[in-house]
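Undergrad: can't give you the sequence, but here's the structure:
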Ligand SMILES: C=CC1=C(C)c2cc3[nH]c(cc4nc(cc5[nH]c(cc1n2)c(C)c5CCC(=O)O)C(CCC(=O)O)=C4C)c(C)c3C=C
Ligand SMILES: [Fe+2]
Ligand SMILES: [Fe+2]
């Protein structure tokens, strides 16, 4: 019996699961179609009732998009596979050298799945997992669907496993410092504007996930909101907050900064301004030399390497722009891996407190 009031040491084996979005198995049209089917049939991505979602995704989008997306994937694919998965593996390898618990990766869509990742940890005797959704800002279509999926897998297949989830880190000082430093190192000497292009979401998602019902998608009731419950769940607020904190560290005035949202899909209204429209309009306003960074992504992927660095650049130059400088994501930079380590260790320690 423990008589000295010291809690018994928690000797359960612990591990880390890094979770990213996922990519198709290959660049074949069939594999891209399977991937898009799983991704877009997620009710937290296309949030229509099942029948509406199936009509839109399987009846319309999957008829033409897989072929187009497969061509795009071919332009970024590496000998090791999809950049997103290769880079997530690199993050894992570097993190593994810094922590004394096993690290695995899992993808929300396709393979290696979240279930595969948890299974690998369980096979090593682990029963307490820190799961890290690799998204700085919260969104229903990213953080929330990862947690939902992991909980459903856990309940069905691993009921004795405990999972602690790392929360969005969009405003953490260590993350902001590391992003600012990474941008500073890569900024060209001359630029008219630094553009922060975040992945877009439909405006409807913001209303849906706002527990405070106060978001009006404007400055006062979104960007500058002081309502904590709004701020904790508003993707748009968090994107603007990351931007504000990073440019403050960089000492770049607001007037030299553009925030925009990329990769919209379908006919719904998505969060504005749209990145592609910005690329087409700003050269006419005299902004001809830009640097672009994409902080919704921690690892480079199709949406940064093709949509921004190739297509976006073409759009901008075609519209009269003179220089377009893409700033890569944090990928496996050492300072970022240290932030990942700190976030994981904070959550690992919480297992000892319960
Ligand atoms: C970083 C955060 C992301 C959010 C928010 C997000 C929302 C979202 N995405 C789609 C549709 C597509 N996204 C696609 C690719 C893609 N999306 C993200 C991240 C977020 N998505 C990443 C990292 C990637 C790249 C994956 C890769 O393999 O490199 C695609 C597939 C590619 C294509 O066909 O263009 C689609 C489709 C929606 C509808 C949505 C929110 C509702
Ligand atoms: Fe996406
Ligand atoms: Fe908001």
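TA: Alright, I've got the coordinates. Predicted model only: the values in this text are computed from it and were never measured. Residues are numbered from 1 along each chain as shown. Ligands and ions are numbered 1, 2, ... in the order given.

Undergrad: Which residue ranges make up the domains of this structure?
TA: Domain segmentation of the chain under automatic domain parsing yields 15-168+334-353, 173-327.

Undergrad: For ligand 3, which of those is the nearest?
TA: Among the domains of the chain, domain 173-327 comes nearest to ligand 3, with 3.2 Å by CB to the ion. C-beta coordinates here come from the backbone N, C-alpha and C atoms, glycine included.

Undergrad: mind checking pLDDT for residue 118?
TA: pLDDT, residue 118: 98.

Undergrad: neighbours around it, how many?
TA: Residue 118: 24 surrounding residues under other CB atoms under 10 Å.

Undergrad: give me every residue that touches it.
TA: Contact analysis of residue 118 by CB atoms under 8 Å, 6 or more residues apart in numbering lists 17, 104, 106, 129, 150, 153, 154, 157, 158, 161.

Undergrad: and the second one, what pLDDT?
TA: Read it as residue 104. For residue 104, pLDDT reads 98.

Undergrad: Does it touch residue 15 like I think?
TA: Yes: Residue 104 is in contact with residue 15 according to CB atoms under 8 Å; the separation is 6.8 Å.

Undergrad: Overlap of the contact sets of these two?
TA: Counting by CB under 8 Å, 6+ apart, the contacts common to residue 104 and residue 15 are residue 121.

Undergrad: And for the closest residue to ligand 1 within the stretch 201-350 of the chain, nearest residue in space, chain neighbours not counted?
TA: Of all residues in the stretch 201-350 of the chain, residue 301 sits closest to ligand 1, at 3.1 Å by CB to the nearest ligand atom. Once flanking residues are discounted, residue 301 sits nearest to residue 84: 4.0 Å by CB to CB, 6 or more residues apart in numbering.

Undergrad: which residues sit in contact with the one residue sitting closest to the centre of the chain?
TA: In the chain, the centroid-proximal residue (CA atoms, centre = their mean) is residue 135; its distance is 3.4 Å. Residues in contact with residue 135 (CB under 8 Å, 6+ apart) are 142, 143, 146, 168, 296, 298.

Undergrad: Rebuild the domains of the chain as CSV, extending it with distance to ligand 3.
TA: Formatted as CSV, the domains of the chain follow (distance: least, CB to the ion, whole Å):
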stretch, distance to ligand 3
domain 15-168+334-353, 11
domain 173-327, 3
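
Undergrad: Can I get those in a markdown table including distance to residue 9?
TA: Shown next, in a markdown table, are the domains of the chain (distance: least, CB to CB, whole Å):
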| stretch | distance to residue 9 |
| --- | --- |
| domain 15-168+334-353 | 8 |
| domain 173-327 | 28 |
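
Undergrad: Residue 5 is nearest to which of those?
TA: domain 15-168+334-353 (15.5 Å; CB to CB).

Undergrad: before we move on, the earlier item: will you turn the contacts of residue 135 into TSV that also has neighbour count?
TA: Below are the contacts of residue 135 laid out as TSV (neighbours: other CB atoms under 10 Å):
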residue	neighbour count
142	25
143	24
146	24
168	20
296	26
298	27
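
Undergrad: Inside helices: which ones of those?
TA: Taking DSSP state H, the ones among these that sit in helices are residue 146.

Undergrad: For the contacts of residue 135, could you give me TSV that also reports distance to residue 317?
TA: Shown next, in TSV, are these (distance: CB to CB, whole Å):
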residue	distance to residue 317
142	31
143	35
146	36
168	34
296	24
298	27
